[in-house]
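A.B. asks: next come a sequence and a model predicted from it.
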Amino acid sequence: MKHTLFLLVITTWLILFLAPPCAAVTQSTPEDKQTVSSSDDASGKEMEKAVDDTPASPYDDDEYGDDEYDYEDEPFSEERVTIDDPLEPVNRVANIFNDRMYFWVLKPVAQAYKFVAPEPARISVKNFFFHLGYPARFLNCLLQTDFAGAGEETGRFVINTIWGIGGLMDPAAGEKINLQKQDTDLGETLGVYGVGHGFYIVWPVFGPSSTRDSATFIDRHLLYPTSYFCPWYASTALTAFDYVNSASLRIGEYESLIGAAIDPYTAMRNAYVQYRLKSVKARRARSLLFRENEIRPSVTK
Amino acid sequence: MKKQLTGIIFVFLLMVFHTHVHAGGMFGPPQTLSSTTGGLNTAIGFRYYTDTYKNHMHYKVRQNIIYSHAAWGKAGIWEIYARLAAAEMKMFDVFRFGSTVYGNGENDFRDTWQFMGTAGAKVFYPVNSFFGAGLFVQGNFNPGKYSDETPLLYNGSPLVADLKIKNLWDINFGGGLQLTLPYDIRAYAGPFVYLARADVRSSLNVPGLLFGTEKTVLKNRSPVGGYFGADIPLIRGFRLNIEGQYTDSFSAGAAIAYIY
């Protein structure tokens, strides 16, 4: 059952990943943006950069030549990242489903759990589940050629296993030891390699993602120890517990995001893409091989 | 895959711990390591434990114990703690036979790692910034069952005697004096009294075997002991604790603690 689900997700992901980049481009709105190839892409991969079609500003020809990113003199401008969304109708349905799941199921359960379990206990549970993800993070650090990060993750794993009571505590992140989390995944690894987002996908239950970031299902499944628990519903129950525990520590965040937005779907999509873009940039900056070949992200001014 | 993953993690941990581990009963410095405002300290430790148990005969026992320790203390004067340990066991010369029984196995009983739990509390009275005295109580309980068997011949018939040792527990009560040296090194020593018990039962009633199918209770031979040790600050909040104990024989252990 669990493996069938996993295969289904992987197959879907492969179909989505292999098929529609062209479709994504054709469905973007050319009257708003123009698509250009990144000139500094040493690996030859094309990144799409959408910029305004508006007349050039007087700052475009400034003497420093960094016109694309020099927004400081324009106080009302902001960096806005876009992602193609050819599945928007389907995604909106999935988004509504996730929204209902959150308000009708996850939030009430998380609130009840929060009422019963004190915050230090919930933080310990969160630490523990994060601790279990060490193999995936370690492997992705290696794949990103972030060897310092791989070392830090290993150090964190050893210290938190031994002195953090099996990962329930996180002494490694404290002031004295100061080994920070390397929270990375296969989607970010592909991003470091220069693979673009692809298009936006909202997975039922799992939430916002993209064709590229859906690859994270692979490392989360193969390298997460609870995936191997038998029977399959033990693994599912643990995952659900992880979700509820995490949600209990973040009640109100989702409400704030959608409460302030005219269109919650768009707000969620933008927040997700911005977050992932920054994550990939941060990961690339740590990479031994890929930090020299800085690839400009898709940016709309 | 799961087994492989477990194996890799196990080998990795073994490498980290440099193979050996000791169990249950180090007492540590009389004063809590936790911050004065209250907090947690955790440790990983190893203990080599030897003692002599008795009923009508004496049996030397040896255990290697590895443990994980978590403690909560406050104000530098009190602490409660708990440990989860894994301990292997060897009891010497329990498979010895009389004239009618001829064993062809080893004389010693031995079994691999079993879980063990420890709980304790300590209080400390600081006389001044250099010197203080404390009291502690600590109990260890092994819920598992150690088992070993030996083949033997009885009147020409081949048999297998299965010996089980279970309900191992001990309780310790003691006091200690602590001297705080430069660099925050804490040296300590003190006496303690203790009570230890273990139930032993064999699967066979054969003349010449030391234990039969009736339960035999083993007790500690010596009720008192002494301990001494030092707690040394390392880097980044870690501390090294080394300790020796003497009862009927010598035990020693070491632990590395982290103070939150």
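C.D. replies: Perfect, I can see it now. Residues are numbered from 1 along each chain as shown, chains lettered A, B, ... in the order given.
A.B. asks: quick check, residue B:205 in a strand?
C.D. replies: No. Residue B:205: not assigned to a strand; according to DSSP: H, G, I helix; E, B strand; the rest coil it is coil.
A.B. asks: partner strands of the helix or strand hosting residue B:116, parallel or antiparallel?
C.D. replies: Residue B:116 is part of strand B:109-126 when elements are defined by DSSP states H and E. With DSSP bridges as the test, strand B:109-126 is paired with strand B:78-91 (antiparallel), strand B:131-154 (antiparallel).
A.B. asks: pipe these into a markdown table and attach mean pLDDT, mean neighbour count and distance to residue B:189 per row.
C.D. replies: Bear in mind the C-beta positions are built from the backbone N, C-alpha and C, glycine included. Below are these laid out as a markdown table (pLDDT from 0 to 100; neighbours: other C-beta atoms under 10 Å in any protein chain shown; distance: least, C-beta to C-beta, whole Å):
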| stretch | mean pLDDT | mean neighbour count | distance to residue B:189 |
| --- | --- | --- | --- |
| strand B:78-91 | 93 | 20 | 18 |
| strand B:131-154 | 90 | 18 | 11 |
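A.B. asks: so which of the ones you listed gets nearest residue B:241?
C.D. replies: strand B:78-91 (12.4 Å; C-beta to C-beta).
A.B. asks: just the CA coordinates of that closest one, formatted as PDB?
C.D. replies: This file holds the C-alpha atoms of strand B:78-91, laid out as PDB (Å, rounded to 0.1, in the frame of the first residue of the first chain):
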ATOM      1  CA  TRP B  78      20.400  19.500  44.200                       C
ATOM      2  CA  GLU B  79      20.000  17.200  41.200                       C
ATOM      3  CA  ILE B  80      17.800  14.300  40.100                       C
ATOM      4  CA  TYR B  81      18.900  12.100  37.400                       C
ATOM      5  CA  ALA B  82      18.100   9.000  35.300                       C
ATOM      6  CA  ARG B  83      20.100   6.700  33.100                       C
ATOM      7  CA  LEU B  84      19.500   4.200  30.500                       C
ATOM      8  CA  ALA B  85      22.200   1.600  30.200                       C
ATOM      9  CA  ALA B  86      23.200  -1.500  28.400                       C
ATOM     10  CA  ALA B  87      25.200  -4.000  30.300                       C
ATOM     11  CA  GLU B  88      26.800  -7.300  29.500                       C
ATOM     12  CA  MET B  89      27.600  -9.800  32.200                       C
ATOM     13  CA  LYS B  90      30.100 -12.400  33.200                       C
ATOM     14  CA  MET B  91      30.000 -14.500  36.400                       C
END
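A.B. asks: count the neighbours of residue B:157 for me.
C.D. replies: Neighbourhood size, residue B:157 [other C-beta atoms under 10 Å in any protein chain shown]: 7.
A.B. asks: residues of the strand holding residue B:116 that come out buried?
C.D. replies: Neighbour counts over strand B:109-126 (16 or more other C-beta atoms under 10 Å in any protein chain shown) mark B:109, B:111, B:113, B:114, B:116, B:117, B:118, B:120, B:122, B:123, B:124, B:126 as buried.
A.B. asks: and the fifth one, how far from chain A?
C.D. replies: Using C-beta to the nearest C-beta, to the nearest Å, one obtains 17 Å as the distance from residue B:116 to chain A.
A.B. asks: next: the fourth one.
C.D. replies: The span separating residue B:114 from chain A equals 19 Å under the rule C-beta to the nearest C-beta.
A.B. asks: and that residue, what does it touch?
C.D. replies: B:86, B:87, B:88, B:89, B:142, B:144, B:145, B:146 (C-beta atoms under 8 Å, 6 or more residues apart in numbering or on different chains).
A.B. asks: repeat that for residue B:133.
C.D. replies: Contact analysis of residue B:133 by C-beta under 8 Å, 6+ apart lists B:30, B:124, B:125, B:127, B:175, B:176, B:177, B:178.
A.B. asks: which among those count as buried?
C.D. replies: The buried subset of the contacts of residue B:133 - by 16+ other C-beta under 10 Å - is B:30, B:124, B:176, B:178.
A.B. asks: can you tell me which two in those residues are farthest apart?
C.D. replies: B:124 and B:176 (8.8 Å).
A.B. asks: phi and psi next, for the residue in the stretch 201-301 of chain A that chain B sits nearest to.
C.D. replies: At 4.2 Å from chain B, residue A:228 is the closest residue in the stretch 201-301 of chain A, using C-beta to the nearest C-beta. Per-residue torsions, residue A:228: phi -100, psi 10 (degrees, to the nearest 10).
A.B. asks: how close does it get to residue A:133?
C.D. replies: Using C-beta to C-beta, to the nearest Å, residue A:228 is found at 14 Å from residue A:133.
A.B. asks: okay, the two: which has more neighbours?
C.D. replies: residue A:133 (22 against 14).
A.B. asks: that one touches residue A:224, doesn't it?
C.D. replies: Yes. At 6.1 Å, residue A:133 counts as touching residue A:224 under the criterion of C-beta atoms under 8 Å.
A.B. asks: shouldn't residue B:52 be within a strand?
C.D. replies: Yes. Under three-state DSSP, residue B:52 falls within a strand.
A.B. asks: ok, it to residue B:175 distance?
C.D. replies: Separation of residue B:52 from residue B:175 (C-beta to C-beta) stands at 24 Å.
A.B. asks: make CSV from the strands paired with strand B:109-126 and add distance to residue A:266 to it.
C.D. replies: CSV is the format used below for the strands paired with strand B:109-126 (distance: least, C-beta to C-beta, whole Å):
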stretch, distance to residue A:266
strand B:78-91, 50
strand B:131-154, 58
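A.B. asks: nearest to residue B:166, of those strands?
C.D. replies: Nearest of these to residue B:166, taken as C-beta to C-beta: strand B:131-154 at 4.2 Å.
A.B. asks: chain center to that closest one: distance?
C.D. replies: Relative to its chain's centre, strand B:131-154 lies at 6 Å (C-alpha atoms, centre = their mean, to the nearest Å).
A.B. asks: beyond that strand, next helix or strand please.
C.D. replies: Counting by DSSP H and E, the next helix or strand C-terminal to strand B:131-154 is strand B:157-181.
A.B. asks: so which bits of that next one are buried?
C.D. replies: B:161, B:163-166, B:168-170, B:172, B:174, B:176, B:178, B:180.
A.B. asks: now the strand or helix carrying residue A:187 - C-alpha only, PDB.
C.D. replies: Here residue A:187 sits within helix A:186-192, counting by DSSP H and E. Extracted C-alpha coordinates of helix A:186-192, given in PDB (Å, rounded to 0.1, in the frame of the first residue of the first chain):
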ATOM      1  CA  LEU A 186      17.000  16.900  -3.000                       C
ATOM      2  CA  GLY A 187      15.000  19.800  -4.500                       C
ATOM      3  CA  GLU A 188      17.700  22.200  -3.300                       C
ATOM      4  CA  THR A 189      20.400  20.000  -4.500                       C
ATOM      5  CA  LEU A 190      18.900  20.100  -8.000                       C
ATOM      6  CA  GLY A 191      18.600  23.900  -7.600                       C
ATOM      7  CA  VAL A 192      22.200  24.100  -6.800                       C
END
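A.B. asks: please tell me how far the closest residue to residue B:92 other than its chain neighbours sits from residue B:244.
C.D. replies: In this structure, residue B:92 finds its nearest non-sequential neighbour in residue B:60, 4.5 Å apart by C-beta to C-beta, 6 or more residues apart in numbering or on different chains. For residue B:60, the distance to residue B:244 (C-beta to C-beta) stands at 18 Å.
A.B. asks: what's the answer for residue A:277, then?
C.D. replies: Residue A:277 is 59 Å from residue B:244, by C-beta to C-beta.
A.B. asks: same question, residue B:117
C.D. replies: 23 Å.
A.B. asks: and the strand holding residue B:116, what's its mean pLDDT?
C.D. replies: On average, the pLDDT along strand B:109-126 is 93.
A.B. asks: and that strand with strand B:157-181, angle?
C.D. replies: Orientation of strand B:109-126 against strand B:157-181 (axes from the mean of the first three to the mean of the last three C-alpha atoms, to 10 degrees) gives an angle of 20 degrees.
A.B. asks: hmm, residue B:233 is touching residue B:183, no?
C.D. replies: Yes. Using C-beta under 8 Å as the test, residue B:233 is close enough to residue B:183 to be in contact (6.5 Å).
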